[in-house]
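# Quick one, fold the following:
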Amino acid sequence: MSATRQGLAVRLGGWSTRHRKSAIIGWLLFVVVVAVVGGMSGSRQMTNSENGAGDSARAMKILEDAGVTTPAGEMVMLRSDGPDGWRAAAGDLTARLEKTGETARIQPPVRSASGREGLVTFELKGDPDTAGERVKPVLDAVAATESAHRGITAHEFGDATAQHELDGMLADDFKKAELTAVPLALGILLVVFGALVAALLPVLLGLTACIGTFGLLALVSHKLPLYDSTNSVMFLVGLAVGVDYCLFYLRRERDERAAGRDPQTALRIAAETSGRAVLISGVTVMLAMSGMFLSGLMLFQGFAVATLLVVLMAMLGSVTVLPATLSWLGDRIDKGRVPLLNRRRRKGVHQASGGVTGKLMKPVLARPKLFAAISGALLLVLCAPALGMKTENLGMEKQFGSDAPLTVAYKEITGAFPGGPAPAEVVLRADDVSSPRFGAAVTDFKQRLADSGRFGKAVEVELHAKQGVARIEVPLAGNGANAESERALDTLRDDLVPDILGPVSDKAYVGGELANNRDFTDQLSSDIAPVFVFIAAVTFLLMLVCFRSLPIAIVSILLNLLSVGAAYGTMTAVFQHGWGAELLGMEPAGAIESWMPLFVLVILFGLSMDYHVFVVSRIREAHDRGLSAREAIREGIRSTAGSVTGAAAIMVAVFSVLALLRMQDMQQMGVGLAVAVLVDATLVRMLLLPSLMALLGERNWYLPRALRWLPNVSHGEAPAPAESRPLVGAER
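Numbers count the residues shown, from 1 in each chain. From the prediction side, this is the model:
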């Protein structure tokens with residue numbers, strides 16, 4: 001990104017090829033060392049309070065600091081064909097549960113209204129956060145009881161069961177995603193390059209970048225705890241970005257070789273052009289991702305660190321290890337040729353780089369107004385459903401799907417034993433929670449709850465005098481998510497708790513499931529505006545500096561917004577309205593996961609810049625060589641078409657793997673990102689961008705006089721200085 005003729009990418013590539021053993025072995029050693037050290041240090045997952053927001057997170061924090069935990073509760077419903085036919089099985093189940101050594105406070109069975117069901121409730125011993133890891137003996141006891149009693153059906157649900165199911169599902173799904181993504185990327189690269197070694201190289205560099213990042217993240221997690229799925233999301237994003245960067249660099253080097261350049265010149269040109277574009281794109285992506293730090297949520301801060309590190313690793317590997325490896329391999333890069341796929345490489349660079357796109361550019365550039373209108377209209381149609389987007393924290397039934405065993409068990413149990421929603425949780429810290437004054441306030445509080453008519457009667461008070469903490473469970477009216485429950489929560493937070501319990505407490509907060517969901521959603525709503533402004537401003541400034549063009553900077557923002565809008569619209573159409581969900585084998589949730597819009601915005605604003613920087617850089621390069629505006633556009637689009645198509649195919653394939661997972665939020669992420677990348681690489685970069693640039697003509701490169709002090713960043717190949725002309729001055 002240097003303003004001098006010999007840019008940073010050339011200097012890095014030159015050093016790497018002159019010291020290729022040091023570059024390659026040093027990279028591998030670094031990856032191995034950080035992976036081993038990170039693995040030895042372990043990683044820390046965020047706690048419930050760290051993953052929350054607002055007063056509900058503060059309430060959880062008080063309980064965590066005081067060491068006050070709520071044991072993981074479980075319930076098993078036994079159903080028989082006739083009334084009370086389940087009682088023998090209930091006695092057997094109780095005995096089996098006691099033998100596991102994992103249970104406590106097993107309650108006598110409760111009979112349902114029909115008499116055909118009995119409900120056994122109990123708790124798991126130990127830390128509730130690890131209950132899912134210890135619930136297997138309990139699950140086996142329930143299964144054994146069901147098998148031993150003919151005509152008995154058992155359904156189990158609870159904190160530990162849900163945690164066990166979720167952990168198992170996430171582990172299996174992400175393992176499948178990671179194992180599927182690599183072969184997909186390799187297969188696409190085989191088609192792009194037609195040779196096994198050339199296809200393997202980007203995948204291997206992408207994998208080493210991800211492995212190194214795993215180790216770095218483990219070390220970072222001790223300062224910034226991570227969410228459960230951060231590593232897996234990082235791996236998929238890192239693999240896609242790492243492979244794409246290598247693909248662009250390697251494709252340019254091979255195109256120059258196919259055009260008759262000698263190996264040294266081809267590698268130098270690739271460093272000067274694609275290498276510079278990798279640096280610009282990488283820095284842009286990293287700055288865009290850093291916008292997540294403006295979020296008040298640790299979830300996004302963890303995602304920000306993960307994506308920053310993996311993009312940095314991929315970028316550094318592409319401009320150092322890749323040129324060193326290409327210098328070492330030489331013509332061996334074409335080893336393992338696939339005959340039918342490799343034939344096009346012998347036809348020359350022009351045939352190899354976007355012949356179909358070259359033909360497409362003729363009508364686009366001949367009638368740019370028409371194609372700008374058509375592509376713009378199509379994009380707006382894709383964006384339109386987003387106007388009605390509804391977000392919420394998706395509950396278990398919507399996340400797992402209505403047919404998941406855990407969802408079925410929950411429905412069966414609540415159907416036979418209807419109960420209220422999860423209660424609100426009032427958490428108090430005071431000098432003496434056992435004092436008469438505090439006790440009188442609690443009594444007054446319970447009376448006011450009863451008088452209001454917005455709360456249930458089963459108010460439970462739990463005092464921890466040694467820690468100076470009190471917890472009060474307050475049943476809410478309504479179903480836990482409707483307006484009636486919302487009003488009850490408002491009454492607690494705005495009136496009853498501050499008026500009655502506030503004067504006798506140092507701190508008083510209201511948590512619980514409804515409060516958690518509301519606080520998280522409110523935090524997201526306040527976060528998205530500053531994050532968007534930051535990302536848009538950074539992207540605008542970077543494009544302005546890199547291309548010295550006000551129109552290009554403005555167009556960059558508009559095109560990225562259309563890509564993000566297409567993702568929002570597709571997610572809303574499929575997962576909220578259910579359009580095409582059955583065809584895709586998915587179950588619409590009726591809403592979008594609350595954190596998804598912000599996450600997709602940041603990821604897409606970063607990833608979209610990959611294609612944009614590479615395409616516009618090639619157009620600017622052609623223009624700097626003296627081509628007219630339309631000829632430069634044709635040349636730039638045509639020469640990058642093959643690379644952009646291959647890179648987009650890899651990203652679409654990798655993100656589509658997410659759409660095949662069982663969790664609703666992962667499906668939404670996969671569909672949104674895959675559609676956005678596909679739209680960005682086709683409608684946006686191949687139709688709308690060239691038509692808009694054709695309409696602007698020479699005005700594409702307009703820079704106001706007040707900004708002409710900006711550095712002049714070259715986008716074309718530069719003649720190498722005599723003392724460093726060969727980029728391949730390799731060690732022998």
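# Tell me which residues of stretch 327-342 come out buried.
Buried residues in stretch 327-342, counted by 16 or more other CB atoms under 10 Å: 327-328, 333-334, 336-337, 342. For the C-beta atoms, the positions are set from N, CA and C on the backbone; glycine is no exception.
# Out of those, the closest to Val574 would be?
The nearest member of those to Val574, counting by CB to CB, is Asn342 at 38.6 Å.
# Let me know the pLDDT of that closest one.
On the pLDDT scale, Asn342 is placed at 55.
# still on that earlier bit, need the buried residues of stretch 327-342 in a markdown table (columns: secondary structure and distance to Ala674).
As requested, those are exported to a markdown table (DSSP: H, G, I helix; E, B strand; the rest coil; distance: CB to CB, whole Å):
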| residue | secondary structure | distance to Ala674 |
| --- | --- | --- |
| Ser327 | helix | 35 |
| Trp328 | helix | 35 |
| Ile333 | helix | 30 |
| Asp334 | helix | 31 |
| Gly336 | coil | 29 |
| Arg337 | strand | 30 |
| Asn342 | helix | 28 |
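# How about Leu627, nearest residue that isn't a chain neighbour?
Closest residue to Leu627 apart from its sequence neighbours, by CB to CB, 6 or more residues apart in numbering: Glu635 at 6.1 Å.
# so that neighbour touches Asp624, yeah?
No: using CB atoms under 8 Å, Glu635 makes no contact with Asp624, being 11.4 Å away.
# between those two, who's got more neighbours?
Glu635 (20 against 14; other CB atoms under 10 Å).
# any idea which element the more buried one lies in?
helix 629-659 (DSSP states H and E).
# The helix or strand just after that helix versus helix 629-659: what angle between them?
Where DSSP H and E defines the elements, the next helix or strand beyond helix 629-659 is helix 664-679. With axes from the mean of the first three to the mean of the last three CA atoms, to 10 degrees applied, the angle from helix 664-679 to helix 629-659 works out at 160 degrees.
# in the helix or strand containing Phe605, what counts as buried?
Using DSSP H and E, Phe605 falls within helix 596-624. By 16+ other CB under 10 Å, the buried positions in helix 596-624 come out as 596-623.
# you'd agree Gly126 is in a helix?
No: counting by DSSP: H, G, I helix; E, B strand; the rest coil, Gly126 is not found in a helix; it is coil.
# my guess is it contacts Arg134, does it?
Yes: counting by CB under 8 Å, Gly126 does reach Arg134; the two are 6.5 Å apart.
# what is in contact with those two at once?
Residues touching both Gly126 and Arg134 (CB atoms under 8 Å, 6 or more residues apart in numbering) are Glu102.
# one step back: show me what the helix holding Phe605 packs onto, helices and strands only.
Identification of packing neighbours for helix 596-624 by 3 or more CB pairs under 8 Å, 6 or more residues apart in numbering; DSSP states H and E yields helix 230-258, helix 276-289, helix 298-319, helix 513-547, helix 550-571, helix 629-659, helix 664-679, helix 689-696.
# Okay, now the unreliable bits of the protein?
The chain contains residues with pLDDT under 70 at 1-6, 340-355, 358, 419-421, 713-732.
# Nearest residue to the middle of it?
Centroid-nearest residue in the chain, with CA atoms, centre = their mean: Val233, separated by 5.2 Å.
# wouldn't that one be in contact with Ala306 here?
Yes: taking contacts as CB under 8 Å, Val233 lies within contact range of Ala306: 7.2 Å.
# Please identify the buried residues of stretch 408-419?
409-410, 412-413, 416-417.
# for stretch 579-596, same thing?
Residues 581, 586-589, 591-596 are the ones in stretch 579-596 that count as buried (16+ other CB under 10 Å).
# Not counting it itself, show me its contacts.
Residues outside stretch 579-596 that contact it (CB under 8 Å, 6+ apart): 297, 299-300, 385, 389-394, 398-399, 401-402, 517, 520-521, 524, 571-578, 659, 664-665, 667-669, 671-672.
# any idea how far Asp451 is from Ala508?
Computed as CB to CB, to the nearest Å, the Asp451 to Ala508 distance reads 20 Å.
# So for these two, which residue has more residues nearby?
Ala508 (24 against 9).
# Pull the contacting residues for the more buried one.
Shown in contact with Ala508 (CB under 8 Å, 6+ apart): 426-429, 497-498, 501-502.
# Leu379 too?
By CB under 8 Å, 6+ apart, the contact list for Leu379 reads 562, 565-566, 679, 683-684, 688.
# Kindly report the same for Phe174.
229, 232, 661 are the contacts of Phe174 under CB under 8 Å, 6+ apart.
# gap between the closest residue to the last one other than its chain neighbours and Arg437?
Counting by CB to CB, 6+ apart, Asp173 is the residue found nearest to Leu661 once chain neighbours are left out, at 4.1 Å. Using CB to CB, one gets 53 Å for the distance from Asp173 to Arg437.
# before we move on, what about Val381?
From Val381 over to Arg437 the distance is 65 Å, taken as CB to CB.
# cool, and Ser656?
For Ser656, the distance to Arg437 - CB to CB - is 62 Å.
# Of those two, which one has the most company?
Ser656 (20 against 10).
# Find the nearest non-adjacent residue to that one, please.
Ala674 (4.8 Å).
# With Val684 instead?
Closest to Val684 by CB to CB, 6+ apart is Leu559, at 5.3 Å.
# which residues sit against the helix or strand Arg448 falls within?
Using DSSP H and E, Arg448 sits within helix 436-452. If you take CB under 8 Å, 6+ apart as the criterion, helix 436-452 is touched by 430, 432, 455, 457, 459, 461, 470, 472, 474, 491, 496-497, 500-501, 503-505.
# buried sites along the host helix or strand of Ala89?
Using DSSP H and E, Ala89 sits within helix 87-100. Across helix 87-100, burial judged by 16+ other CB under 10 Å covers 89-90, 92-94, 96-97, 100.
# Now find how far off-centre that helix is within its chain.
43 Å (CA atoms, centre = their mean, to the nearest Å).
# now swap in stretch 331-340 and tell me
How far stretch 331-340 lies from its chain's middle: 36 Å, per CA atoms, centre = their mean.
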